[in-house]
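**Student:** next come a sequence and a model predicted from it.
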Amino acid sequence: MYRRLLESYPAEADRYDEMLEAGGRLRPHWRTLIDQLEGLSPEILRRRAREVREAIAADGVTYNVYADPQGANRPWELDLLPQIISADEWQILSAAVVQRARLLNTVLADLYGPRQLLRDSLLPPALLSWPQHAIAPAIWACVAALGVVCTGFAYILYFRLIERVGASYAASVTFLIPVFGLIWGVVFLNEKITPAMLAGCAITLLGTALASGKLGTWLPGKRKAKTSPGQQASLKKSTDASHNA
C-alpha cells in the first residue's frame, strides 16, 4: 500500500519526517490524502500542478524580493501537496495563533490610541517613523562606518585624554557632547537655534563647570592668591618654626 507514491520518497533517519513514522510507516493523519493521490496518474498530478501555477500567474499573486535578479515581484510558490497537521498538534498551534492575534490587536490599539507602550519604552518610537521604502545598502554601510570608526576613534582619544589630564577633567568632555551636537547641527544641517537650545547649552556648561571644579576658581571670592617664591620660603619657615615650638 502506498508503494507507488513512496518508492522514490527521500526518507532520512537523521531528521524528523512530517509524513512518515520511524520505519517508513505512514502517519495516520496523512492516510486520507495519500489514498486519494494513489488513484491519480502522474500525468494528472503534473496537469494539476500546472493549473495551480497558471492560476497564481493569472491572479497576480506575487511577493517582493528586493535586490533579486529575477525581479522584485515573483509568483507565489505554492506546492501541490498540502501540509497535513494532526488534530492534537493543531490544538497547540491554534492556541498560539489566537494568543499572538490578540497581542497584535492590543499593540495596534495602543499605538493608534494612548501609546502607553511608547511612553513606557517597551517599543522604540522609530517603528512609527520608519521609512516605507527599502533602505539602500550603501546607507547601512555609512551608518556602520560612522558607528564603528567614530566610536573607536573617540574611544582612543578619550583614554589618551585621561592619561594626559586625569579622569575628572576627561569626564567633563562627555558633558559637552550636546553642545557640540548643537554646533554640528547648525554647521552641517542648517538647523535653527532656539532659546530652548541655548538654555540647554547654558545648563550643560554650568553643570560641566560644577563637576570639574572650575566654577570655584572663576568666582571672585574663590580665587587663590598668588605668592612669590620668596613669600613661599618665608611661609615655610614660619610654619616649621611653629611646629618646633
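**Tutor:** Alright, I've got the coordinates.
**Student:** what helices and strands are in contact with the lengthiest helix in the chain?
**Tutor:** Identified as the longest helix of the chain according to DSSP state H is helix 87-111. Applying 3 or more Cβ pairs under 8 Å, 6 or more residues apart in numbering; DSSP states H and E, one finds that helix 87-111 contacts helix 116-119. Just so you know, the C-beta spots here come from the backbone N, C-alpha and C atoms, and that holds for glycine as well.
**Student:** so the residue nearest the centre of the chain, which state does it fall into?
**Tutor:** Closest to where the C-alpha atoms of the chain average out (Cα atoms, centre = their mean) is Pro124, at 9.3 Å. Classification of Pro124 using DSSP: H, G, I helix; E, B strand; the rest coil returns coil.
**Student:** what about it, distance to Ala144?
**Tutor:** 19 Å (Cβ to Cβ, to the nearest Å).
**Student:** just the strands in the protein please.
**Tutor:** With DSSP state E as the criterion, the chain has strands at 62-64, 73-75.
**Student:** redo those strands as JSON lines? Include mean pLDDT, distance to Ile183 and mean neighbour count.
**Tutor:** Output for the strands of the chain, formatted as JSON lines (pLDDT from 0 to 100; distance: least, Cβ to Cβ, whole Å; neighbours: other Cβ atoms under 10 Å):
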{"stretch": "strand 62-64", "mean pLDDT": "74", "distance to Ile183": "42", "mean neighbour count": "11"}
{"stretch": "strand 73-75", "mean pLDDT": "76", "distance to Ile183": "47", "mean neighbour count": "12"}
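**Student:** of these, which is nearest Asn105?
**Tutor:** Smallest distance to Asn105 across the strands of the chain (Cβ to Cβ): 24.4 Å, for strand 62-64.
**Student:** now the helices for this structure?
**Tutor:** 3-6, 31-38, 42-59, 87-111, 116-119, 126-129, 137-145, 151-165, 167-175, 177-189, 195-212, 214-218, 229-244.
**Student:** quick one: the fifth one to chain centroid distance?
**Tutor:** Distance of helix 116-119 from its chain centroid, counting by Cα atoms, centre = their mean, to the nearest Å, is 18 Å.
**Student:** related to what we said a few turns ago, out of the strands of the chain, nearest to Ala87?
**Tutor:** It is, among these and with distance given as Cβ to Cβ, strand 62-64, at 30.4 Å.
**Student:** low-scoring stretches of this protein, by residue?
**Tutor:** 1-4, 64-72, 168-169, 171-172, 174, 211-245 (pLDDT under 70).
**Student:** domain-wise, how is it divided?
**Tutor:** 3-75, 90-123, 137-217 (automatic domain parsing).
**Student:** just send those back as TSV, with distance to Pro82 too.
**Tutor:** Supplementary listing: the domains of the chain in TSV, determined by distance: least, Cβ to Cβ, whole Å:
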stretch	distance to Pro82
domain 3-75	7
domain 90-123	13
domain 137-217	37
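**Student:** having no further points to raise, I will conclude here.
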